[in-house]
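**Student:** how does the following fold in three dimensions:
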Amino acid sequence: MTMNSAFSTNGYLTGQLLVAMPQMRDVRFTRTVIYVCAHNADGAMGLVLNRLVESISFPALLAQLGIDSGDLGEEIRVHFGGPVESGRGFVLHSADYVHNGTMLVDEGVALTASIDILKDMADGTGPRHSLLALGYAGWGPGQLDAEMQANGWLSVPPDEQLIFGNDLDTKWEHAIGKIGIDINQLSGEAGHA
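**Tutor:** Predicted coordinates:
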């Protein structure tokens, strides 16, 4: 399945980006970009791509888990993946790393939630690109669809830079700009842009 075909073939947003509209009222999601890891009739799950958890570093997280942080520890940032299960870790990564417990989202992106990937990242044998997140964003059956219809989110095709890029301060603007929308022209009314 290609990145762009996920929505068009089945009506779901797996593998797409959600970009919060400017009028997003939930402060946990204001100006966020979310990668949708799974979306089906049972609900949706995604990871926020442009927020960090300031209270913990990767080496400190590894120390809590009893893992040697290696030489790469300081380079890896811990992201706020969303408000659900905020103590649980997820690694969104390039599909060059596939092990037990890895879920392929599409041909280029995978999701792993095991300690083994953290060990491999710490010693430099992990995936080529990765984003470590604590927690996730979740929606119940039909909830994301309703939020889309209420003009809460825009759906944007992903690219490697938007998913794994380090420039978090401009990721929201770049995601909206990718589909040619001027953020100053966006309306808060459903059905209008």
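
**Student:** tell me where this protein has helices.
**Tutor:** For the chain, the helices defined by DSSP state H cover 5-10, 58-65, 115-122, 143-149, 160-164, 171-178.

**Student:** could you tell me the least trusted of these?
**Tutor:** The weakest mean pLDDT among the helices of the chain belongs to helix 5-10, with a mean of 44.

**Student:** closest to Tyr35 out of the helices of the chain?
**Tutor:** Smallest distance to Tyr35 across the helices of the chain (Cβ to Cβ): 5.8 Å, for helix 160-164. For glycine as for every other residue, the C-beta is placed from the backbone atoms N, C-alpha and C.

**Student:** buried residues, the closest one. List them.
**Tutor:** Leu162, Ile163, Phe164 (16 or more other Cβ atoms under 10 Å).

**Student:** which other residues reach that helix?
**Tutor:** If you take Cβ atoms under 8 Å, 6 or more residues apart in numbering as the criterion, helix 160-164 is touched by 17, 33, 35, 49, 92, 94, 108-109, 129-131, 156, 171, 174-175, 178.

**Student:** still on that earlier bit, would you list the helices of the chain in TSV and tack on distance to Arg88?
**Tutor:** Below are the helices of the chain laid out as TSV (distance: least, Cβ to Cβ, whole Å):
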stretch	distance to Arg88
helix 5-10	24
helix 58-65	12
helix 115-122	12
helix 143-149	20
helix 160-164	20
helix 171-178	23
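
**Student:** nearest to Asn40, out of the ones you listed?
**Tutor:** Proximity to Asn40 (Cβ to Cβ) singles out helix 5-10 among the helices of the chain, at 8.3 Å.

**Student:** and the helices of the chain: which comes nearest Ala44?
**Tutor:** For those, the distance to Ala44 is smallest for helix 143-149, at 4.4 Å, taking Cβ to Cβ.

**Student:** so what's the gap between the closest one and the chain middle?
**Tutor:** In this view, helix 143-149 has its centroid 18 Å away from the chain centroid, taken as Cα atoms, centre = their mean, to the nearest Å.

**Student:** next one: stretch 53-66
**Tutor:** For stretch 53-66, the distance to the chain centre is 20 Å (Cα atoms, centre = their mean).

**Student:** got the buried residues for stretch 30-45?
**Tutor:** Applying 16+ other Cβ under 10 Å to stretch 30-45 flags Arg31, Thr32, Val33, Ile34, Tyr35, Val36, Cys37, Ala38, His39, Ala44, Met45 as buried.
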